[in-house]
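K.L.:
Fold the following.
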Amino acid sequence: MTSFKFIDLFAGIGGFHLAMDSLGGECVFASELDEPARKTYEENFAKTSPKLFKNGSFNDDIRTVSPEDIPDFDVLCAGFPCQPFSQAGKKRGFDDNHKSERGNLFFNIVDIIEAKKPKAFFLENVRGIVKHDDGKTFKVIREILEDELGYSFYFKVVKASDYGLPQLRPRAYIIGFRDEGILKGFSFPPKKPLKFTMSDVWEGDCSREIGFTLRVGGRGSNINDRRNWDSYLVDGEVKKIMPKQAKKMQGFPDSFVFPVANTQAMKQLGNSVAVDAIRECGKELIYHMDKLQTKENNVANTKNKGEWTEFLSFIKILKDRKLVLADSELSPTSNYFNITNVSTQNIDYVCNLENNNTVNIFSKISNKQNEILTSDIITQKTIDNITQKIKNSSGTFNIEEFNLIENKLGFTMVKGGTSTQKSDIVLGISNNTLHKEDEGFGIKSYLGSKPTLLNASGNTNFIFKVEGVNEQAIDKVNSINTNKKIIDRINAIDQLGGKLSFQKPEKSTMEYNLKLVDSHMPVIIGHMLYEFYVNRTSSISENISALHESGHLNNIINYGDLASLTIKVKKLLVDVLLGFFPAKQWNGNYESNGTIVVKENGEQVGYHVIDMQSLQDYLFNNIKFDTPSVSRHRFASLYTEKGGSMYFKLNLQLRF
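P.N.:
Residues are numbered from 1 along each chain as shown. The predicted structure is shown next:
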């Protein structure tokens, strides 16, 4: 097998680490919250994976890390918290917020897969997750991984005894791959005979060949109790399971050490995975992953509306040779840029447009040039047909006209873009006062649903502290599931005597970027969010007017008049459009200096910092707050942290 990189989330004491390392994997990032488990993990892997502990890649709270900051990897491994779905727990599922937010931490996994796009994932949980909430929980997990993220999805309830270990331990294994294409067809490996029995574990004659499922806590049950799991009859004597035996049952090597008390060691082993079962399924995962071809060879040439619109904008530029600038109302003005060349950050070709009727295509790699008549590639009828197909289609789809255009051009126009690019197209622009060769422009399209200025994610959550209510309020508030559950939950907190006070953005990177715009911007956004969710003032302009009139912000920040607040918010909107992403620390510079807007009728206009006033006014008058999925982005629920403090989060999403 080829070498590969993996990350180890909710790592516990490192069962996944042991298994994947033995298959040739390198662990480049790990995360575990429990301090005693972290101690055991580091004790056993510090020598074999020193980089993991020297460069800060051993995280203690997955909620605090921005997915983009995680090193690149091939396989995501995660035994995410099972208590919310376990028979032994309260079975609150995604709503389990009584001990931090352990119920919805699956969505942190989703954020990481979405941002990093690994080749595969390997998830483990209790088998109860499959039927939890009448199968609704498992349905959500499958739909997100398959439909939202585009991965294949395979699952099986696996017992430790299926792969050689003398323990029942049924667990749901979920495995998926990116870009499987025609090679779809992963299979879990066939079962293997026991490597040893419980008599070997005890080094004596045990009455059971296969042991009970190792559990967390509950020690001391009578051997005749139907719920017994830790008492065994060995050589005619009742014996209680200890770390020595538990370690062998879970497949940990004799050399694995526990720098903690026996009670902690038993808890850690009970929380761990069965190493041999993970190894056997992981071996099949890596074998299948190695077989997969690249997306270009495997997957049909399908794209979504946004990707096709980038394509459309590219060829419209090739045909029109100019970009008309718009006013604050999105109407064309008499100002425009002549376009001298077209490219993107992700292709190795430049289209020179200095001759009126031809496109001169230059390869940055081979330095070869190819000249083509524009009329041989693109007509207005072609553009109109493509525009209608984009408007009328959904999901991912193919447009044959684009394939023909690409064949004539000799390259793929849109290739390998990332979610952390502000510049979708790179233009050479000129007018009477300005000439630039490589000016980046973003593209916003109205051909589908209204475009977003800022997409919701775990990086756009803002934390509010809740005072005046006790822990009993958690289930009462979080069970509210009305059509307007966010405001109803906030009102319920208020009726119970609770009060929300803004604390900070959840992610430090988002806080840093906002403060780079203005030192008070996190507080401003926190209060604007509260105003939006409570009073439904979604328009940015109306929101800050209402906030200023209420005087709530003035108690914290002395701004004086509304005009100064407006200036700061306008600056933020432009900085988000052209400059920063929530998950990536910003340097204060703009990656692009303008944006192209594709209107509903297919007309294309542009904005540029050369006319900052029009750009600011357009954004200020057309951006609104939007409500994303509550469960998907982990907000609008009460939850507790260490020490008993209670919190509530609101999420920021901005849409045109």
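
K.L.:
so what's Leu123 bridging to?
P.N.:
Judged by DSSP bridges, the bridge partners of Leu123 are Ala78, Ile174.

K.L.:
For it, list the residues it contacts.
P.N.:
77-80, 109, 173-175 (C-beta atoms under 8 Å, 6 or more residues apart in numbering). Where C-beta positions appear, they are placed from N, C-alpha and C, glycine not excepted.

K.L.:
Kindly indicate which of the residues you listed lies nearest Val469.
P.N.:
Of all those, the one sitting nearest Val469 is Phe80; the distance, using C-beta to C-beta, is 28.0 Å.

K.L.:
Report the separation between that closest one and Asp494.
P.N.:
The span separating Phe80 from Asp494 equals 33 Å under the rule C-beta to C-beta, to the nearest Å.

K.L.:
Those two - which one has more neighbours?
P.N.:
Regarding Phe80 and Asp494, a neighbour count based on other C-beta atoms under 10 Å identifies Phe80 as having more, with 21 against 14.

K.L.:
Tell me the spatial nearest neighbour of Ser539, not counting adjacent residues.
P.N.:
With C-beta to C-beta, 6 or more residues apart in numbering as the measure, Lys624 is the residue that lies nearest to Ser539, at 5.2 Å, once sequence neighbours are left out.

K.L.:
Who are the contact partners of the one you found?
P.N.:
When contacts are counted by C-beta under 8 Å, 6+ apart, Lys624 is found next to 538-540, 654-656.

K.L.:
want to throw those into CSV with pLDDT, secondary structure and neighbour count?
P.N.:
Below are the contacts of Lys624 laid out as CSV (pLDDT from 0 to 100; DSSP: H, G, I helix; E, B strand; the rest coil; neighbours: other C-beta atoms under 10 Å):
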residue, pLDDT, secondary structure, neighbour count
Ser538, 96, coil, 17
Ser539, 96, strand, 16
Ile540, 96, helix, 24
Leu654, 97, strand, 21
Arg655, 96, strand, 19
Phe656, 94, coil, 18
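
K.L.:
Between the residues you listed, which sits nearest Asp611?
P.N.:
Phe656 (18.4 Å).

K.L.:
Surely the closest one and Asn622 touch.
P.N.:
Yes. With contacts counted by C-beta atoms under 8 Å, Phe656 reaches Asn622, the gap being 5.4 Å.

K.L.:
can you list the contacts of Lys624 in a markdown table and add distance to Asn356?
P.N.:
Putting those into a markdown table (distance: C-beta to C-beta, whole Å) gives the following:
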| residue | distance to Asn356 |
| --- | --- |
| Ser538 | 46 |
| Ser539 | 44 |
| Ile540 | 42 |
| Leu654 | 40 |
| Arg655 | 39 |
| Phe656 | 34 |
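
K.L.:
Near Ser331, how many other residues are there?
P.N.:
Counted with other C-beta under 10 Å, the neighbours of Ser331 add up to 10.

K.L.:
Show me what the residue nearest to Ser539 bridges to in the sheet.
P.N.:
Note on Lys624: beta-bridge partners Ser539, Arg655, judged by DSSP bridges.

K.L.:
The residue nearest to the spatial centre of the chain: what's it in contact with?
P.N.:
Centroid check for the chain by C-alpha atoms, centre = their mean gives Asp111 as the closest residue, at 1.4 Å. In this structure, Asp111 makes contact with 67, 457-459, judged by C-beta under 8 Å, 6+ apart.

K.L.:
which residues does the residue nearest to it when sequence neighbours are not counted contact?
P.N.:
For Asp111, the nearest residue in space outside its immediate sequence neighbours is Gly458; the separation is 4.8 Å by C-beta to C-beta, 6+ apart. Shown in contact with Gly458 (C-beta under 8 Å, 6+ apart): 63, 67, 107-108, 111, 506-507, 633-634.

K.L.:
Check Lys117 too.
P.N.:
For Lys117, the residues meeting the contact criterion (C-beta under 8 Å, 6+ apart) are Arg178.

K.L.:
got a pLDDT number for it?
P.N.:
Predicted confidence (pLDDT) for Lys117: 92.
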